[in-house]
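Chemist: Here's a sequence, model it:
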Amino acid sequence: MITIKFHDKETELDALGFLLGRFPGKLLTSGEVLVPEAALQALALEGYHFTVFGRSTYEQQTSSLRDTVTPTV
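Modeler: Residues are numbered from 1 along each chain as shown. Next up is the predicted model:
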């Protein structure tokens, strides 16, 4: 997975709508999006502008599986 970020919220929402159903991905709370490499070419061909940060880390990919808040018992 590759970490990318769109330049503005409107572009991000439009691009996420394009990606939905075509490629798996993950939206992080930081505004970064994790997409497979094949999605980069598809986004570029559709004319979306984004910044590539490189390969995503294991922590980014599994962040939703772990919660830092301890549940009350």
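
Chemist: Report the separation between the residue nearest to the spatial centre of the chain and Leu19.
Modeler: In the chain, the centroid-proximal residue (C-alpha atoms, centre = their mean) is Val33; its distance is 1.5 Å. Look at Val33 and Leu19: by C-beta to C-beta, to the nearest Å, they are 8 Å apart. (Glycine included, C-beta is placed from N, CA and C.)

Chemist: what touches both of those two?
Modeler: Gly25 (C-beta atoms under 8 Å, 6 or more residues apart in numbering).

Chemist: Now do the SS call for Thr51.
Modeler: strand (DSSP: H, G, I helix; E, B strand; the rest coil).

Chemist: Is Thr3 bridged to anything, and to what?
Modeler: Leu34, Gly54 (DSSP bridges).

Chemist: list the contacts for it?
Modeler: Contacts of Thr3 by C-beta under 8 Å, 6+ apart are 32-34, 52-56, 60.

Chemist: Against Gln41, how distant is it?
Modeler: Thr3 is 16 Å from Gln41, by C-beta to C-beta.

Chemist: Then Ala15?
Modeler: From Ala15 to Gln41 the distance is 13 Å (C-beta to C-beta).

Chemist: Compare neighbour counts for these two and give me the winner.
Modeler: Using other C-beta atoms under 10 Å as the criterion, Ala15 and Gln41 rank with Ala15 on top: 22 against 9.

Chemist: For the helix or strand containing the more buried one, which helices and strands make contact with it?
Modeler: In the assignment (DSSP states H and E), Ala15 maps to helix 9-19. With contacts taken as 3 or more C-beta pairs under 8 Å, 6 or more residues apart in numbering; DSSP states H and E, helix 9-19 sits against strand 33-35, helix 37-45.
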